[in-house]
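Peer 1: Give me a model of this one.
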Amino acid sequence: MQENSNFSNYKFIDREEATIQLCSILPKDKMQRENWLLIALSKGAILMVEKIAKELSLEYDVLILIPILAPNNNECQIAMVSETQEIVLHGNLVRSFNISKDFIYSEAERKFNSEIVRDRGKFRKSLPFSDVKDRNILLIDDGCETGLSILCALKSMINLEAKKVSLALPLIPDDLFSILDLKLDKIYAKHVIENFISSEYYYQVLEKLPKKVVQYILESSEYYMPYKKEKN
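Peer 2: Here you go, the predicted model:
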């Protein structure tokens, strides 16, 4: 892990370069020996996870996570819900905006029944999420802002009885690193950034992957666990 006091001028070219640099700090031998399961936390991360899985011959899955937005601000994430129906709240924002938990849980149920069920059909043909019990898990994303998706994924993995849960990502704010480092077994981050701006700022190109591209990657993969089991 490399810490940076002044990272404002550095940018990855794209996810491919970020993946190469991230791979350079992963414990590859240990991961292969212990047969870690990789978990993508976003559609953008699927491209990264596929490359890492291919290099290390490890299986992966995608955990579907959907943000819950503030009632009057569709850019402000106040909570996150996972396909395993775990919910994590951004406590400070919820209290600041005086948002009721009834609203959050109602939105979580609505988003599960619409968006999560939809994405399960598109990206997993409605197959169940992989069995993670007693396995070492590596959560992977291309960046993070609030940590809600990571905490929600961690909660899901713990409740599914994973053995250990670690995190890998190219960059992370230093304050968020300090918080998550107490909750995860290990964080592999290429850059820990002071005065973090946004994940997009540190990439020259960070395009949203079209759903058709995501579907093609998953359907073509030798390592995407749901389809691999289906084929077998």
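Peer 1: Disregarding residues adjacent in the polypeptide, which is nearest to the spatially most central residue of the chain?
Peer 2: By C-alpha atoms, centre = their mean, the chain has its centre lying nearest to residue 41, at 2.2 Å. Counting by C-beta to C-beta, 6 or more residues apart in numbering, residue 41 lies nearest to residue 141, which is 4.3 Å off, once chain neighbours are set aside. All C-beta atoms are positioned from the backbone trio N, CA, C, and that covers glycine.
Peer 1: That neighbour: how many residues sit nearby?
Peer 2: Look at residue 141: counted by other C-beta atoms under 10 Å, it has 23 neighbours.
Peer 1: same question, residue 98
Peer 2: Residue 98 has 6 neighbouring residues, counting by other C-beta under 10 Å.
Peer 1: Tell me the residue in this structure that is farthest from the middle.
Peer 2: For the chain, the largest distance from the centre (C-alpha atoms, centre = their mean) belongs to residue 98, which lies 27.9 Å off.
Peer 1: Tell me if I am right that that one is in a helix.
Peer 2: No: applying DSSP: H, G, I helix; E, B strand; the rest coil, one finds residue 98 to be coil, outside a helix.
Peer 1: and the gap between it and residue 110?
Peer 2: Residue 98 sits 21 Å away from residue 110, going by C-beta to C-beta, to the nearest Å.
Peer 1: quick one on the thing from earlier: could I get the contacting residues of the residue nearest to the centre of the chain?
Peer 2: Each residue near residue 41 by C-beta atoms under 8 Å, 6 or more residues apart in numbering is listed here: 63, 65, 139-141, 149-150, 153.
Peer 1: mind checking the longest helix of the protein?
Peer 2: Longest helix in the chain, counting residues (DSSP state H): helix 43-56.
Peer 1: Report the buried residues of that one.
Peer 2: For helix 43-56, a neighbour-count test (16 or more other C-beta atoms under 10 Å) marks 43-53, 56 as buried.
Peer 1: And for stretch 206-222?
Peer 2: Those would be 206, 209, 214, 217-218, 221, for stretch 206-222 by 16+ other C-beta under 10 Å.
Peer 1: For residue 49, see how far away residue 184 is.
Peer 2: From residue 184 over to residue 49 (counting by C-beta to C-beta), the distance is 17 Å.
Peer 1: need the contacts of residue 41 in a markdown table with pLDDT and secondary structure, can you?
Peer 2: Listed next are the contacts of residue 41 as a markdown table, based on pLDDT from 0 to 100; DSSP: H, G, I helix; E, B strand; the rest coil:
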| residue | pLDDT | secondary structure |
| --- | --- | --- |
| 63 | 97 | coil |
| 65 | 97 | strand |
| 139 | 98 | strand |
| 140 | 98 | strand |
| 141 | 97 | coil |
| 149 | 96 | helix |
| 150 | 97 | helix |
| 153 | 98 | helix |
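Peer 1: Show me which of the residues you listed are buried.
Peer 2: 63, 65, 139-141, 149-150, 153.
Peer 1: and which of the residues you listed is nearest residue 165?
Peer 2: Closest approach to residue 165 among the buried ones among the contacts of residue 41 (C-beta to C-beta): residue 139, at 6.6 Å.
Peer 1: how about low-confidence regions in the protein?
Peer 2: Applying pLDDT under 70 to the chain flags residues 1-10, 229-232.
Peer 1: do that again at 90, thanks
Peer 2: Within the chain, the ranges that satisfy pLDDT under 90 run 1-11, 71-76, 91-97, 145, 194-195, 197, 207-211, 227-232.
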